[in-house]
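> When you get a sec, could you give me coordinates for this:
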Amino acid sequence: MAEKNDRKPTVLITGCSQGGLGFALSQAFANAGCRVFATARDPTKAASLVGDNVCEILPLDVTSKESIDACVSKVRHETGGNGLDILVNNAGIGLTVPLLDTSIDDAKRMFDVNVWGMLAVTQAFAPLLIEAKGVILNISSVAGAVCMAWQGAYNSSKTAMTFLSETLRMEMRPLGVRVVTAMVGEIETGFYNHGTFSLPPDSHYKSIEAIIRKQSTGEMQVNNEKAWVTARNLVNDVLSGRSGQVWRGAALEKRLGEQSGDDDFDKGDSATCWGEAQFDIDDRSDNDDWGSVVLSEGDAPPHASHSTYDLPAPPNPSIPENELDSILKLRTAIPAPQPACIAAMGHAPYLPSPCNTPATITTPLARADLDELYFDRIHVFMPALQRRRYFSRSRRAADAASQPYSCLQSAMWTLAAAMSSQFQQLCQPLYSETLQRLSHATYAQGLDETTARLDLARAWILVAVYEFMHASFESAWASAGRAIRLVQLLRLNVVDASGADDDADSFIEKEESRRTFWAAFCLDRFSCVLKGLPLTLNEQPICTRLPCPEEAFQSGKPVVMPFLSEVVAADAPIVVLSPLAESVIFTTLWGRTLYYQQLSAAQLLSCGIPSTDFRDRQLQLNSLVSRRMLQFQQTYSTAAVESDSMLLFTSIIAQATVLAFCNAAEPPADSVPASDRFMDDVLGYQWRARVAAKEIARLADSHMQFSVFKVSIPHTSALSWNNDRT
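Predicted structure coming up:
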C-alpha cells in the first residue's frame, strides 16, 4: 500500500446486512482502526452499524452499473483522492435445489450477484485500489471446492468466483494490488433465514423433499463457527499481509473426510491455482471445539453474508510483502506445479513463519487417517520410519514443535493423500504447504542437530517421490538433490563405522538412518538411470549395513546385517536378505552398469580408443548379476514374487539390471575385430536381453493385478525405463 501517514485505512465491504459475515467484518475492521464503508442493497438492513458509530452506510446493488458508479463517486469524494485501501467483495446469494429442478433464470440471477457482481465492483474500484496500492478480499466458499447434492448451481458460482479471484491475483499483482481469496466454510449467520422451500409437484426428488428442505433452511448445520470469529481471523489475515487463498470457518477436510469411499474425487476437480492455497485454522477462539464439529455431506456453507476484505500490510508486518519474495526465492529451486502464468509473474505462496504447528488443513482425525494411509501404502516402498517411534515422537511436545519434524509429517501426508481417494483434493495444498515449511526450516537457525537434519532429508526424499508422480523430472531431481546433500552432511554412508548397536533404542535410531541413506541411494540410482546422468552417491566409501528385515525393524529387535560390499563379493548367500535389501543390491548393480558405460564412453572420447579393460569389467559385472539373479530366484518362488508388491518390484529391478547390462555390455562394432568370439558375445547379449524383456513384460502383467494404491513410483519408474529400451 502507498504511504498513508496517520490517516485510517479505508475499507469498502459489500453485502453488509445485519446477521451476515459482511456485518461482522464491518465491526472487525472498525475495531482494527479502519474507516469502513459498509454497503447493502437496502441500507436499512445495516442501520445498526451507523447507530453503533462503527461505519458509514452506502447503498450498493452489485448488479447495477448505475449503483456501482454512484458508490465509486461517493467513495472517491469521501477519501479525498487518496484511493481505496481495501475492497471486500462479500455480497452473495444462495440457491439450494436439485439441478433438474433449478430455474435457469434464478441461476442466472445468482451468477449475476456472486460472479459478475464481484467482477463489476472490482473493475469499478480498480483505479482507486491501484492508486492506493491496496488489497482486494474476495469471499468465496469451500462449496466451490467440493460437489454437494442439491447445490450444483450455487457451488458452480463459487468455483467461478474462486477462479476469477485467483486470476485477478495474478493480473493485479504487477499493478501493486494484493488479492486474497477467502475460502469460507460453515459459519453461523442469517444466510438461511429466508422463505419456505418446496419442490415442483412433478420433481423426481419429491419423496425426499423434507431432507432437501432441511439443507435449504440450514437445519443440517451444526456447531458452526461464530461469524465474529471468522471475521476476526480474516481481518488478521489481511492485516498481516497474506495473499492467495486463506481457508476459514469449518475446515474443508472435514467435508472431504465424510465422503464415502465410493464417491471418489477426480484429480481433475482440483483447481490448478489451488496448489498455492494457504491453510491456517490455528487462530480460533478457545471455545471452538474443532474436534467435535460434525458436518453432513450435504451441508451448505453460508454465503449471503460472506464478506471479502484485503487489508494492506501494516507498517511493520511480521513478514513484509516486499521481503516475502526474497525469502521465498530461497525456499527451493523447485516451484510447485502451477500455471505458467503464475510462474512467469514470479508468484510464490505465503505461509507465516515460523510454521511449527500441525498441518493446518487437517483435523486430528484426518491426520490420524493420513498416518495410517502412509504406513499402509507408502511405507512399503519408502520404509525409513519405525511406526512405534514415529507415533511416540508425534506425542512428544519437543518433536511436535520441531519445524523439521512438521516438514516430515507434511511430506508424509502429501504422499498419503496422493495414494488415497478421499484426500485427493488435498494433494496440491499439502504439497504447497510442505514446500513452504521446508523453506522456513531449511534456512532457520540452529539446525545442526542430527535428528533435525535427518527429518529434513526424509522430507525431501518424500517430496521428490511425490514430484516424480505429479510434477516434472527436473523438480523431482532438484528435491532429490537436496535430500542427497543432507545425507552426505549427516555422513549416513558410514553409520556403522563405529560398531554394532547396544540396545533396541539405538538400533532403531541407527536403522532409521540406514534406511534413509539407502532410500536416497536408490533414488539417486533410479533418477540417474532414467536420464543417463552421472551418479551422485559413490559406492566405494559406504560403511552402512544393509537394511534389516521389516519384522526386526518394527519390533526393535537388533539384527546385524552384512555390508553391501560383503554381499556383492560373496559367492554364496551370507544371510537371507529382505526384499528391501535385495532391491538395494540390484539397484546397486544397475547403477554400476550405468557407471561402467559412462566410464567407457568418457575414455573413448578422451583417448580415441576403447578402454583396454572394457571386457574385464563386463565379465566381472556379468558374474555378479548372474549370481545375484540365481540367489534371488532360489530364495523367493515365482508365486511369492507375484503375490508381494515389494518382491515384484525387486524382481522387475533385477530383470532391468540384466537388460541394462546386456545393452551396455554389447561391444561397439568398431571397437573389437569382427571375429567369431565377437559374434558370440553379441548374440549372447541379445538373447539374454530378449529373455529379460519378456520376463519384464510378464511381471508387468502381474503388476496390473495389484491395486493402484499398492503401486508406487518405483514400479512406474522401472517400467518406464524398460519401455524406453525394449
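> all helices of the stretch 601-726 of the chain, in order?
For the stretch 601-726 of the chain, the helices defined by DSSP state H, counting those that start in this stretch cover 614-635, 638-643, 645-665, 676-703, 713-725.
> and those helices, which is most packed in?
For the helices of the stretch 601-726 of the chain, the largest average neighbour count (mean count of other Cβ atoms under 10 Å) is found in helix 645-665, namely a mean of 24. For every residue, glycine as well, the C-beta is placed using N, CA and C.
> so what secondary structure elements neighbour it?
helix 579-607, helix 614-635, helix 638-643, helix 676-703, helix 713-725 (3 or more Cβ pairs under 8 Å, 6 or more residues apart in numbering; DSSP states H and E).
> Out of the ones you listed, flag the one nearest residue 231.
helix 713-725 (43.6 Å; Cβ to Cβ).
> any idea how far residue 117 is from residue 15?
Residue 117 sits 9 Å away from residue 15, going by Cβ to Cβ, to the nearest Å.
> quick one: common contacting residues for those two?
Common neighbours of residue 117 and residue 15, counting by Cβ atoms under 8 Å, 6 or more residues apart in numbering, are 62, 91.
> picking that back up, could you point out which of the helices of the stretch 601-726 of the chain sits nearest residue 239?
Using Cβ to Cβ, the nearest of the helices of the stretch 601-726 of the chain to residue 239 is helix 713-725, at 42.0 Å.
> Give me the more crowded residue out of residue 117 and residue 15.
residue 15 (31 against 25; other Cβ atoms under 10 Å).
> Does the residue nearest in space to the middle of the chain belong to a helix, a strand or coil?
Most central in the chain under Cα atoms, centre = their mean is residue 431, positioned 1.7 Å from the mean C-alpha point. Assigned with DSSP: H, G, I helix; E, B strand; the rest coil, residue 431 falls in the helix class.
> circling back: adding distance to residue 566 and mean pLDDT, write the helices of the stretch 601-726 of the chain out as CSV.
Converted to CSV, the helices of the stretch 601-726 of the chain look like this (distance: least, Cβ to Cβ, whole Å; pLDDT from 0 to 100):
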stretch, distance to residue 566, mean pLDDT
helix 614-635, 13, 78
helix 638-643, 25, 77
helix 645-665, 19, 77
helix 676-703, 26, 71
helix 713-725, 25, 47
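> Let's have those helices in JSON lines, adding distance to residue 122.
Shown next, in JSON lines, are the helices of the stretch 601-726 of the chain (distance: least, Cβ to Cβ, whole Å):
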{"stretch": "helix 614-635", "distance to residue 122": "64"}
{"stretch": "helix 638-643", "distance to residue 122": "59"}
{"stretch": "helix 645-665", "distance to residue 122": "51"}
{"stretch": "helix 676-703", "distance to residue 122": "51"}
{"stretch": "helix 713-725", "distance to residue 122": "42"}
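> Using JSON lines, lay out the helices and strands packed on helix 645-665 together with distance to residue 157.
JSON lines is the format used below for these (distance: least, Cβ to Cβ, whole Å):
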{"stretch": "helix 579-607", "distance to residue 157": "51"}
{"stretch": "helix 614-635", "distance to residue 157": "59"}
{"stretch": "helix 638-643", "distance to residue 157": "50"}
{"stretch": "helix 676-703", "distance to residue 157": "44"}
{"stretch": "helix 713-725", "distance to residue 157": "38"}
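> Can you tell me which of those helices is nearest to residue 32?
The closest of the helices and strands packed on helix 645-665 to residue 32 is helix 713-725. By Cβ to Cβ, the value is 47.3 Å.
> do you know how far the residue nearest to residue 59 when sequence neighbours are not counted is from residue 26?
Nearest residue to residue 59 in three dimensions, chain neighbours excluded: residue 43, at 5.0 Å (Cβ to Cβ, 6 or more residues apart in numbering). In this view, residue 43 and residue 26 are 12 Å apart by Cβ to Cβ.
> Please apply the same query to residue 585.
68 Å.
> ranges for the strands of the stretch 1-150 of the chain?
10-13, 35-40, 56-59, 86-89, 135-141 (DSSP state E, counting those that start in this stretch).
> so what secondary structure elements neighbour the first one?
Read that as strand 10-13. So strand 10-13, by 3+ Cβ pairs under 8 Å, 6+ apart, packs with helix 21-31, strand 35-40, helix 65-78, strand 86-89.
> So in that sheet, which strands flank it, and in what orientation?
Strand 10-13 pairs in its sheet with strand 35-40 (parallel), strand 86-89 (parallel), by DSSP bridges.
> What average pLDDT does it get?
When pLDDT is averaged over strand 10-13, the result is 96.
> With the second one instead?
Mean pLDDT, strand 35-40: 94.
> Report the distance from that strand to the chain centre.
38 Å (Cα atoms, centre = their mean, to the nearest Å).
> what does the fourth one give?
The chain centroid and the centroid of strand 86-89 are separated by 29 Å, computed with Cα atoms, centre = their mean.
> And for the third one?
Using Cα atoms, centre = their mean, the distance from the centre of strand 56-59 to the centre of the chain it belongs to is 42 Å.
> Just checking: what are the partner strands of that strand?
strand 35-40 (parallel).
> Next, the angle from the partner strand to helix 65-78.
160 degrees (axes from the mean of the first three to the mean of the last three Cα atoms, to 10 degrees).
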